[in-house]
Structure formats: structure tokens, C-alpha cells
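A.B. asks: Pasting a predicted model and its sequence here:
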Amino acid sequence: MKKSNSEFSFALQPDCSVYTKDYNENKLDFSRVDFIIEFKRISDDPFVDESNSDGKKNPFLCDDGPVHKILGQITAYATAVLSAQYRTHLFMVLIVGEYARLI
């Protein structure tokens, strides 16, 4: 049986969801989320910062490994928030090891 496009292969459960101070519920509500913070190990960083040994810059994203799941995960979070709210953009914080990436 084929999954519908609205189903994701992972649970939509961000590590930290930030709300306005008037939100008093203790449950995830994508229609009220202001922004999301996700934590990952340094080995799970899907973005490239260094140059290759030949001096050329690497592409913006890693091209192999399990990091594509992380990119799918943060894309799914953005899709969930943007589909539940009237927004044109969403800010996310991806904390990888000791670094924070603003997305």
C-alpha cells in the first residue's frame, strides 16, 4: 500500500518547540510553534564547512551518509509548521555538537 504524501517516515517530534508566552499547553502544536530547535551529534551535520584537499570548496550539503535523513527531518518540521500556519517563512536552529546553525 502506498503512503500518502502527507505521511512522513519519522515521528514529527522536534527536540524543542518554542511558543509565545501565552501558550500554556504541555503538548506539541504546530499551529502555535514560533520556531524549532533540533539537536544533533557533530557526526550528523548535514552541511559542509571545509574545503577539499585540492583547495576547491565542497558543496553546501554533504552528498552521502545518513545526513539525508536529518535534512528530511528538518524539512518535515518546516512543512508541518508552514502547513498549519499562515506564514511565508520559518526560522529553525540546528545545534550540531558545539555549533548552532540558523536555518
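C.D. replies: In hand now; what should we look at?
A.B. asks: So the spatially most central residue of the chain, which state does it fall into?
C.D. replies: Central residue of the chain (C-alpha atoms, centre = their mean): residue 74, 2.2 Å from the mean position. State at residue 74, reduced to three classes by DSSP: H, G, I helix; E, B strand; the rest coil: helix.
A.B. asks: any residues touching the host helix or strand of residue 101, and which ones?
C.D. replies: According to DSSP states H and E, residue 101 maps onto strand 99-102. Strand 99-102 is contacted from outside by 42, 45, 47, 91-95, using C-beta atoms under 8 Å, 6 or more residues apart in numbering. Placement of C-beta: from N, CA and C, glycine included.
A.B. asks: And stretch 73-84, by the same measure?
C.D. replies: Contacts of stretch 73-84 (C-beta under 8 Å, 6+ apart): 8, 10, 12, 14, 30-31, 33, 36, 38, 87, 90, 92, 94, 103.
A.B. asks: now the helices for the chain?
C.D. replies: 67-84 (DSSP state H).
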